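**Q** Sequence first, then the predicted structure:
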Amino acid sequence: MIPILKLADTVGTALDWMDEFRTKQLVVADSGIYRGIVSEDILFDIADTTQPIARIIIQHEDVFATEDNHPYELLRLVNEFALDIIPVVHENKALTGCILVRNLIEKFVSELGIQEKGAVIVLKIAERDYSLSEISRLIESNGVKVLSSYYSSSESLHPADASLLTLKLNRTNITPVIATLERFGYDIEEAHASDPIESVDQERLDMLLRYLAT
C-alpha cells in the first residue's frame, strides 16, 4: 500500500506521501527498476518543492531485500543502514514492493510471543557452556515453556567475557525456574516478571533482578 516514487515525481509529492503514510523514507523506481531511497531529511533541505526526484540525492541504490530473504536478514539491513522502509526486488533489481519497518517489527512481536503474558529471563553464560536444549529442559522441568529465545554472542558485548541468552517464558511466577537454573550454576543477569520472585539467597536476587510488568 506504500506508494513508489517515480523520478518525475516532485519533492512536494514525496513529502506529502511521507506525511500521509507516516514514514521518513520512500522507495524510488524507474520503469519498475529499483533506483534507491529518498529520505525526509534530504528533502527538507530543498527549497523548491517542485523539483523532480531525479534531481535529488537518492541513497542506498545497492541496499535491498530479495523475496527469499529471512526476516532476520531484513533486520540486519534495518540496523546497518538505518532504514525506515525496505525495498524488495526480484531479478535484475525489478521492484516487487516494499516493507515498512514498523510492520516488520509487528510481525516479529507476533511470531516471537512477545505480546504473550509471561516472564523474561536473561542468562549470562560462557559460550562453551551454551546449550539451549539443556537450558530448556531445566526450565520445562518446572512446567514452564520457552516461547522464544535470543542469543547475543560475546563478540557483540563489552566486555566480551560472556554471552547473553534472553528467554521469554509462558509463566509469570518464575521462582522455581530461577531456583533450578541457579542450582545448576547458571548466572541470572536479569529477570522480569509480574509475580514476586523469591529465593533462598534473597539478598543476591535483590541485586540481580528487576521487577517489571509484562
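**A** Nice, thanks for sending it over. Predicted model only: the values in this text are computed from it and were never measured. Numbering: from 1, shown residues only.

**Q** buried sites along stretch 98-106?
**A** Residues 98-101, 104 are the ones in stretch 98-106 that count as buried (16 or more other Cβ atoms under 10 Å). All C-beta spots, glycine's among them, are computed from the backbone N, C-alpha and C.

**Q** all strands of this structure, in order?
**A** Here the chain has its strands, by DSSP state E, at 5-6, 25-30, 33-39, 65-66, 85-89, 95-100, 120-125, 146-152, 163-169, 187-192.

**Q** what residues go with each domain of the chain?
**A** 5-108, 120-208 (automatic domain parsing).

**Q** would you turn the ones you listed into TSV with mean pLDDT?
**A** Below are these laid out as TSV (pLDDT from 0 to 100):
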stretch	mean pLDDT
domain 5-108	93
domain 120-208	78
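
**Q** Pull the contacting residues for the closest residue in space to residue 165 that isn't next to it in sequence.
**A** Distance criterion Cβ to Cβ, 6 or more residues apart in numbering; nearest residue to residue 165, sequence neighbours excluded, is residue 123 at 4.5 Å. Applying Cβ atoms under 8 Å, 6 or more residues apart in numbering to residue 123 gives the contacts 135, 164-165, 167, 181, 186-189.

**Q** Can you name the residues bridging to residue 10?
**A** residue 52 (DSSP bridges).

**Q** hang on, I meant residue 146
**A** Residue 146 has these beta-bridge partners by DSSP bridges: residue 169.

**Q** Could you report the distance from it to residue 107?
**A** 20 Å (Cβ to Cβ, to the nearest Å).

**Q** repeat for residue 131
**A** On the measure of Cβ to Cβ, residue 131 and residue 107 end up 29 Å apart.

**Q** pretty sure residue 120 contacts residue 177?
**A** No: here residue 120 does not reach residue 177: they are 11.5 Å apart, not a contact under Cβ atoms under 8 Å.

**Q** so what sits against both of the two?
**A** residue 169.

**Q** Between the two, which has more neighbouring residues?
**A** Neighbour count, other Cβ atoms under 10 Å: between residue 120 and residue 177, residue 177 has more, with 25 against 19.

**Q** what sits against residue 6?
**A** 28-30, 53.

**Q** Can you show me the helices along the protein?
**A** Using DSSP state H, the helices of the chain run over residues 11-20, 40-44, 71-81, 101-111, 132-140, 175-183, 202-208.

**Q** And those helices: which comes nearest residue 87?
**A** Checking these against residue 87 by Cβ to Cβ gives helix 71-81 as the closest, at 9.6 Å.
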